[in-house]
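K.L.:
no sequence on hand, only this structure:
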């Protein structure tokens, strides 16, 4: 018995020697797997996991490295984010991906900066994430842009004159995006009423009543998925007449599901529309269909969320940066990142001097309430 | 003016009724054990999660609803049996900490099972339909809630005042030790209290989640806290107090959410002030004021009304 044990232990020691790769490069995944944004964070992670499956090794300086994803759950909350960030730092990751939600990205940023680890945000759209630092990059558009897109769409395409904005109190993403929406909408000549609700609210009936009382033409609520499904269902219960508009966070099949079978119009701006890259769509869906856990994390069906696509592109951006650096050293990867360009699934990616991706267009899509699918409405470009 | 206030009042009465059903659980347990059962809000949330999973397994509603209520009562009983009963002779603070532990256990258990994803509550026919009442469109459950709440409270008061177990509960709430000496089976009384409290929380969760259809592991925290505030507000230990406190809290927070537009339409302010932000702050401030003026709460004075 003892001999057998020793033999097994010796074999176990030999296994790493048999592996093909010469080493491992760690990529940190700084995403919420629980909390209000858990559903979105999991979908963003799916894109990274799929990309990791597709491209599990990388050639650095003539040696082949295994790419390992190191996960840290920031719990969708700014007080849990620092410990999740420290966890990644102590794991010696070369680069960090994420997070879904700007507030947690900002909260974790300092720890990456101190450890000289670069971070690549996939869908955190608040300007403050990358402003004034040299280690945080992002591959998506920004809230001023997104706010302008939605305000322009509401005013010009929907002919709205009064807009009601609702944001979660203290959430950087919500409040920021509402603010930019308001700025543009008022500049165009519209009127905006804005309210905020405290974290943990589930009764939105009075806010919907407020919007109806103000005779709002649109209801702009760029909130977390957990709140938006509540808002949509309660709006259906109250027979509201105005469309509900949102930002990229609402681009989830969970939201589409909530709107299914109701008479509520839900229209949002986002990064990707299913069908734009057939090869990716097909591969990703096949992977979801074959992996039960991935399917559950995607909300139980194989609809592709834009955040998954962004997670996928973020992973390849990181790979490209490590390749360009020629080493797994995080400081070198950081130095290489500004020069990285990539033709991603969501479009061409190149960074400007603050570390933001240069993007000029966003997709607008809306829920088909009969089928519960997202349908393409328009591609809005702002210069 | 009435048309402006009415929709908020309606939301308030409805949410107030749901808070009331939770608040009764707090107040009854306090009345008998002098324990703030912090896990009560989570029992309410677990009832919601149970409904989600039982419905998803294809069980028809006429079975799943009673099943959820029975299981919720059973959970309440088990919590008392496992976490509180062994601490009967321990200082009250130990039991309180045990309650906090139960609360976190339930939340993390649900987090583990659901994976942190929000679950969509099943649609219960009829009460989920929309109706128009005066100037407001709402779900039928909104109208239905206060009536059902009052009916249940009435039944509960009958039980407490006119049955043997009710008499035992009143006795225990007045004097724990003496009633034990008089031959009352304390453990049975306490178990029944937890079963009733959990049953009402289960009914509350049916009504609440039909209106606000998403359940996550933290769903019980805010309603639980509000219901606790309502119980303190009405005078903890008093059932009518908890119910009236809950309705006041529910109505007040909804009126404050709409205060801007109400004042605006009444011509008192020229432009919106963003008062809705303060809906929770105002609710809790109201609590502080009441407690400062009347520390025992609205109905907490009469010690004879402890159950």
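P.N.:
All right, it came through fine. Owing to the predicted nature of the structure, the values given are computational and were not obtained by experimental measurement. Residues are numbered from 1 along each chain as shown, chains lettered A, B, ... in the order given.
K.L.:
am I right that residue B:59 is in a strand?
P.N.:
No - assessed with DSSP: H, G, I helix; E, B strand; the rest coil, residue B:59 is coil; it does not lie in a strand.
K.L.:
for the residue nearest to it when sequence neighbours are not counted, give its distance to residue B:52.
P.N.:
Nearest residue to residue B:59 in three dimensions, chain neighbours excluded: residue B:67, at 7.0 Å (C-beta to C-beta, 6 or more residues apart in numbering or on different chains). For every residue, glycine as well, the C-beta is placed using N, CA and C. Note on residue B:67: its distance to residue B:52, by C-beta to C-beta, to the nearest Å, is 13 Å.
K.L.:
so for those two, which sits in the more crowded spot?
P.N.:
Between residue B:67 and residue B:52, residue B:52 has the larger neighbour count (other C-beta atoms under 10 Å in any protein chain shown), namely 17 against 14.
K.L.:
quick check: the more buried one vs chain A, distance?
P.N.:
According to C-beta to the nearest C-beta, to the nearest Å, residue B:52 and chain A sit 13 Å apart.
K.L.:
secondary structure element for residue A:376, which one?
P.N.:
strand A:373-381 (DSSP states H and E).
K.L.:
elements contacting that strand?
P.N.:
For strand A:373-381, the elements it packs on are helix A:253-259, strand A:361-368, judged by 3 or more C-beta pairs under 8 Å, 6 or more residues apart in numbering or on different chains; DSSP states H and E.
K.L.:
ok, residues contacting it?
P.N.:
A:149, A:152-153, A:157, A:251, A:253, A:256, A:267, A:269, A:273-275, A:303, A:360-368 (C-beta atoms under 8 Å, 6 or more residues apart in numbering or on different chains).
K.L.:
try it again at 7 Å.
P.N.:
Contact with strand A:373-381 is made by A:149, A:152-153, A:256, A:267, A:273-274, A:303, A:360-368, as judged by C-beta atoms under 7 Å, 6 or more residues apart in numbering or on different chains.
K.L.:
tell me the buried residues within those.
P.N.:
Buried residues within these, counting neighbours by 16 or more other C-beta atoms under 10 Å in any protein chain shown: A:149, A:152-153, A:256, A:267, A:273-274, A:303, A:362-367.
K.L.:
between those, which is nearest chain B?
P.N.:
Nearest to chain B, judged by C-beta to the nearest C-beta, of these is residue A:256 at 11.6 Å.
K.L.:
for the closest residue to residue A:250 other than its chain neighbours, name its beta-bridge partners.
P.N.:
Leaving aside its sequence neighbours, residue A:250 sits nearest to residue A:268 (C-beta to C-beta, 6+ apart; 4.6 Å). Beta-bridge pairing of residue A:268 under DSSP bridges involves residue A:246, residue A:365.
K.L.:
gap between residue A:268 and residue A:377?
P.N.:
Counting by C-beta to C-beta - residue A:268 and residue A:377 are separated by 9 Å.
K.L.:
more crowded one of those two?
P.N.:
Of the pair residue A:268 and residue A:377, residue A:268 is the one with more neighbours under other C-beta under 10 Å, namely 27 against 16.
K.L.:
so what's the more buried one up against?
P.N.:
A:245-247, A:250-251, A:365.
K.L.:
give me that answer again for 6 Å
P.N.:
Under the criterion of C-beta atoms under 6 Å, 6 or more residues apart in numbering or on different chains, the neighbours of residue A:268 are A:246, A:250-251.
K.L.:
now do it, the pLDDT please.
P.N.:
Here, the pLDDT recorded for residue A:268 equals 93.
K.L.:
residue A:44 versus that one, what's the distance?
P.N.:
16 Å.
K.L.:
circling back: okay if I get the contacts of residue A:268 as JSON lines plus neighbour count and pLDDT?
P.N.:
JSON lines is the format used below for these (neighbours: other C-beta atoms under 10 Å in any protein chain shown; pLDDT from 0 to 100):
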{"residue": "A:246", "neighbour count": "24", "pLDDT": "93"}
{"residue": "A:250", "neighbour count": "32", "pLDDT": "89"}
{"residue": "A:251", "neighbour count": "29", "pLDDT": "87"}
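K.L.:
which residue packs closest to residue 55, ignoring adjacent ones?
P.N.:
I'll assume chain A. Ranked by C-beta to C-beta, 6+ apart and with sequence neighbours excluded, the top spatial neighbour of residue A:55 is residue A:319, at 6.3 Å.
K.L.:
please refer instead to chain B.
P.N.:
Nearest residue to residue B:55, sequence neighbours excluded (C-beta to C-beta, 6+ apart): residue B:122, at 3.9 Å.
K.L.:
helix or strand for that neighbour, which one?
P.N.:
Counting by DSSP H and E, residue B:122 is part of no helix or strand.
K.L.:
cool, and residue A:117?
P.N.:
In this structure, residue A:117 sits in neither a helix nor a strand according to DSSP H and E.
K.L.:
who in chain A is up against chain B?
P.N.:
Applying C-beta under 6 Å from any C-beta of the partner chain, one finds that chain A approaches chain B through A:33-34, A:38-39, A:193, A:195-196, A:198, A:200, A:202-203, A:205-206, A:209-210, A:213, A:226, A:229-230, A:233, A:237-239.
K.L.:
keep only those of these that are in helices.
P.N.:
Taking DSSP state H as the definition of helices, the residues of chain A next to chain B contribute A:38-39, A:205-206, A:209-210, A:213, A:226, A:229-230, A:233, A:237.
K.L.:
out of those, which are buried?
P.N.:
A:38-39, A:205-206, A:209-210, A:213, A:226, A:229-230, A:233, A:237.
K.L.:
nearest to residue B:149, of those residues?
P.N.:
Closest approach between these and residue B:149, by C-beta to C-beta: residue A:205, at 17.4 Å.
K.L.:
how close does that closest one get to residue B:222?
P.N.:
Relative to residue B:222, and taking C-beta to C-beta, residue A:205 is found at 15 Å.
K.L.:
helix/strand/coil for the residue lying closest to residue B:80 once chain neighbours are set aside?
P.N.:
Distances taken as C-beta to C-beta, 6+ apart put residue B:194 closest to residue B:80, at 4.2 Å, once the chain neighbours are dropped. Under three-state DSSP, residue B:194 falls in the helix class.
K.L.:
so what's residue B:194 up against?
P.N.:
Counting by C-beta under 6 Å, 6+ apart, residue B:194 makes contact with B:76-77, B:80.
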